[in-house]
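In: Mind folding the following:
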Amino acid sequence: MDLKLEVVVIPVSDVDRSRAFYEQLGFRLDADFRSERGLRVVQLTPPGSAASIILGEKLTTAEPGSTQGLHLITTDIAEAREQLLERGAEVSDLWHDADGIFHWAGTDNRVAGPHPAADSYGTYASFSDPDGNGWVLQQIVTRAPGR
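Out: Numbers count the residues shown, from 1 in each chain. Sure, this is the predicted structure:
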């Protein structure tokens, strides 16, 4: 079986504001369609990603800001963080989880600074879009076998 994640619908309160935010961060605008009956679909793709996000009207019943834990993977988290800051995102400082397995929801169990023993999977930074949908940057330099 060959399955690939293609899109994630992100619930937002103001489609134009959110579109502008993601475009400012460097996401590529792939589509902005409207139907006569009020459906609007805005598709954006993060730089270097095969998967996209979709914002719009009449796409989801989820509350704006309710999507959390979306991961953007990078090989250089310090550089990615700096570029996002330069583009207007309010990105946290680098952090790692005290348990070293994955990270907890919210800000619980965070330790300031990059993971001291690993360059892959253990260092994070985070930011939110204007509605509070939460994104996590994760550094992966060397993927685990089979990934």
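In: Where do the helices of this structure begin and end?
Out: Here the chain has its helices, by DSSP state H, at 15-24, 77-86.
In: Dump these to CSV, plus distance to T60, mean neighbour count and mean pLDDT.
Out: From N, CA and C alone the C-beta is placed, and that goes for glycine too. Output for those, formatted as CSV (distance: least, Cβ to Cβ, whole Å; neighbours: other Cβ atoms under 10 Å; pLDDT from 0 to 100):
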stretch, distance to T60, mean neighbour count, mean pLDDT
helix 15-24, 12, 17, 98
helix 77-86, 25, 16, 98
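In: Let me see the domain layout of this protein.
Out: Domain ranges of the chain: 7-57, 70-139, per automatic domain parsing.
In: Now do the residue sitting furthest away from the middle of the chain against H96, distance only.
Out: Farthest-out residue of the chain from its mean C-alpha position, per Cα atoms, centre = their mean: E36, at 30.6 Å. Distance of E36 to H96, computed by Cβ to Cβ, to the nearest Å: 50 Å.
In: swap in P47?
Out: P47 is 24 Å from H96, by Cβ to Cβ.
In: These two: which is more packed in?
Out: H96 (22 against 12; other Cβ atoms under 10 Å).
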